[in-house]
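S.K.: quick one, what's the 3D model for this:
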Amino acid sequence: MRRWLVGGSVVLLAACLPLDPDYLVTAPLFRGVRTEVVEPGGYASLLHVPEGRRRATILPLDTVELTAFFAAPPDVTVQPPIWLVCGLDCADGPLTALAGDLADCPVPLPLNVQESCRLAEGLQIRFGLAGAFTLARAFLSLVVVGSRDDDLTPATCVERLTHPPHTELEPCIISQWWLWLGPAWALLPFDVEVGDIPPEILHQEVDTNPDVAEFRVTRERDGSRSEHRVTPGASVGVRRGDRITVEPIFTEGSSQTFWSTYNDEEGKPWSGELDSSEEQLWVRAWFDAPILDLDPDQTLNGGWTSPLIAWTVPHDVVPTRLFLDVSDFGSGRAFAELLFVADDDIP
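M.R.: Got it, this is the predicted structure:
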């Protein structure tokens with residue numbers, strides 16, 4: 001059964017930054033992780049993965065690629081983060097579980113890591129998972145450690161995190177992220193018999209990542225309206241007072257149809273009534289310069305909301321980057337950017 005927005009969640013453990021307004025990126029911040037199974041293991045042999053796509057949930061024996069995404073102010077470079085695995089004692093939080101010098105994680109990585117360990121360093125990492133005999137829980141708990149200060153290394157932040165009294169963590173980026181195993185029935189023989197599972201469940205597409213193919217950018221100016229299609233990473237010319245609306249256009253298959261059951265009998269998963277739903281893709285917008293009249297649904301308090309992002313260009317037109325984060329109903333994530341510049345700055 002598909003989980004609601006649990007494929008990866010962010011918990012900011014360091015002190016809150018004074019973001020005012022709350023869409024504005026004033027210091028490097030962690031946006032999330034994109035998970036891709038690059039080499040499926042034997043437990044994936046029964047799964048239906050759409051052609052040309054990669055699974056966003058993990059299973060034993062998989063080789064997994066993780067990419068961390070950050071937003072930062074102009075001309076600020078984010079240092080490669082350090083990835084930690086939080087052991088079985090992480091239920092009370094990393095500040096309790098991460099104590100003392102951490103050893104490197106075992107290779108391949110067991111699913112029941114008892115002690116916290118150091119997994120890797122980099123914006124993108126790759127590692128293999130051990131077999132299902134190490135299965136102890138339905139997820140792996142990761143901690144991504146970075147820095148908001150050029151003069152402070154992620155390694156120093158790890159040192160501060162793992163050695164009480166945990167002082168001077170404010171300039172550190174310390175975020176927890178969960179990698180969920182799934183689908184659960186693929187863990188046979190550690191789950192129910194496959195014959196007890198409805199064929200709709202067995203044959204459905206597994207959770208994959210959405211992708212932004214392009215943006216539809218609408219510019220309203222002096223009673224006129226123009227529309228442009230641009231690719232992620234492009235530059236868009238604007239003028240003061242323009243009303244800008246951005247709509248991400250997703251690749252085919254980004255919003256998936258999935259089956260689930262409800263009113264299951266106790267102890268009998270998938271025994272209830274079948275239900276088919278289509279994913280809704282939720283978006284979150286950040287900007288690295290002040291803008292005007294941002295749709296309030298796009299603020300931090302509004303959470304993940306409508307895919308339409310609308311605002312007004314202020315009097316002083318400075319290069320402004322839009323960071324777009326996308327989440328599906330499960331583990332799927334997408335991240336994209338656009339740059340808005342004064343009309344005269346477009347070559």
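S.K.: point out where the stretch 51-200 of the chain drops to low pLDDT.
M.R.: With pLDDT under 70 as the threshold, the stretch 51-200 of the chain has low-confidence stretches at 136, 188-195.
S.K.: longest helix anywhere in the chain?
M.R.: Among the segments of the chain that qualify as a helix by DSSP state H, the longest is helix 154-162.
S.K.: the nearest residue to Val313 once chain neighbours are set aside: how many residues sit nearby?
M.R.: With Cβ to Cβ, 6 or more residues apart in numbering as the criterion, Val313 has its nearest non-adjacent residue at 4.4 Å, and that residue is Asp242. To be clear about C-beta, it is placed using only N, CA and C from the backbone, and glycine gets the same treatment. Asp242 has 20 neighbouring residues, counting by other Cβ atoms under 10 Å.
S.K.: Asp242: what's it in contact with?
M.R.: Taking Cβ atoms under 8 Å, 6 or more residues apart in numbering as the contact definition, Asp242 lies against 219-221, 312-313.
S.K.: mind giving me the PyMOL select for the residues you listed, buried ones only?
M.R.: Below is the selection syntax for PyMOL that covers the buried ones among the contacts of Asp242, with 16 or more other Cβ atoms under 10 Å defining burial:
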select buried, resi 219+220+313
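S.K.: hang on, the earlier thing: what's next to the longest helix of the chain, contact-wise?
M.R.: Outside helix 154-162, the residues within contact range by Cβ under 8 Å, 6+ apart are 79-82, 84, 94-95, 98-102, 118, 121, 143, 145-147, 166-169, 171-174.
S.K.: show me what Leu84 is bridged to.
M.R.: In this structure, Leu84 has beta-bridge partners Arg118, Val143, where bridges are defined by DSSP bridges.
S.K.: what about it, distance to Pro60?
M.R.: With distances defined as Cβ to Cβ, to the nearest Å, the gap from Leu84 to Pro60 amounts to 21 Å.
S.K.: next one: Pro198
M.R.: Note on Pro198: its distance to Pro60, by Cβ to Cβ, is 24 Å.
S.K.: ok, those two, which is more surrounded?
M.R.: Shown here are Pro198 and Pro60; by other Cβ under 10 Å, Pro60 has more neighbours (23 against 14).
S.K.: so Val33 sits against Val143, correct?
M.R.: No. Look at Val33 against Val143 with Cβ atoms under 8 Å: they stay out of range, at 11.4 Å.
S.K.: what residues are shared contacts of the two?
M.R.: Overlap of the contact sets of Val33 and Val143 (by Cβ under 8 Å, 6+ apart) consists of Trp177.
S.K.: with neighbour numbers in mind, choose between these two.
M.R.: Using other Cβ under 10 Å, the more surrounded residue of Val33 and Val143 is Val143, with 26 against 23.
S.K.: for that one, what are its contacts?
M.R.: When contacts are counted by Cβ under 8 Å, 6+ apart, Val143 touches 83-86, 94, 98, 161, 174-177.
S.K.: likewise for Ala72?
M.R.: Ala72 is in contact with 25, 27-29, 78, 288, counting by Cβ under 8 Å, 6+ apart.
S.K.: reformat those as TSV; add secondary structure, distance to Leu47 and neighbour count.
M.R.: Below are the contacts of Ala72 laid out as TSV (DSSP: H, G, I helix; E, B strand; the rest coil; distance: Cβ to Cβ, whole Å; neighbours: other Cβ atoms under 10 Å):
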residue	secondary structure	distance to Leu47	neighbour count
Val25	coil	37	21
Ala27	coil	40	15
Pro28	coil	36	21
Leu29	strand	34	21
Val78	coil	34	20
Asp288	coil	39	22
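S.K.: determine which two of those residues are furthest apart.
M.R.: Val78 and Asp288 (12.5 Å; Cβ to Cβ).
S.K.: which strand residues bridge Ser277?
M.R.: As for beta bridges, Ser277 partners with Phe258 under DSSP bridges.
S.K.: show me what Trp286 is bridged to.
M.R.: For Trp286, the beta-bridge assignment (DSSP bridges) gives partners Phe323.
S.K.: neighbours of it, just the number please.
M.R.: The local packing of Trp286 (other Cβ under 10 Å) involves 20 other residues.
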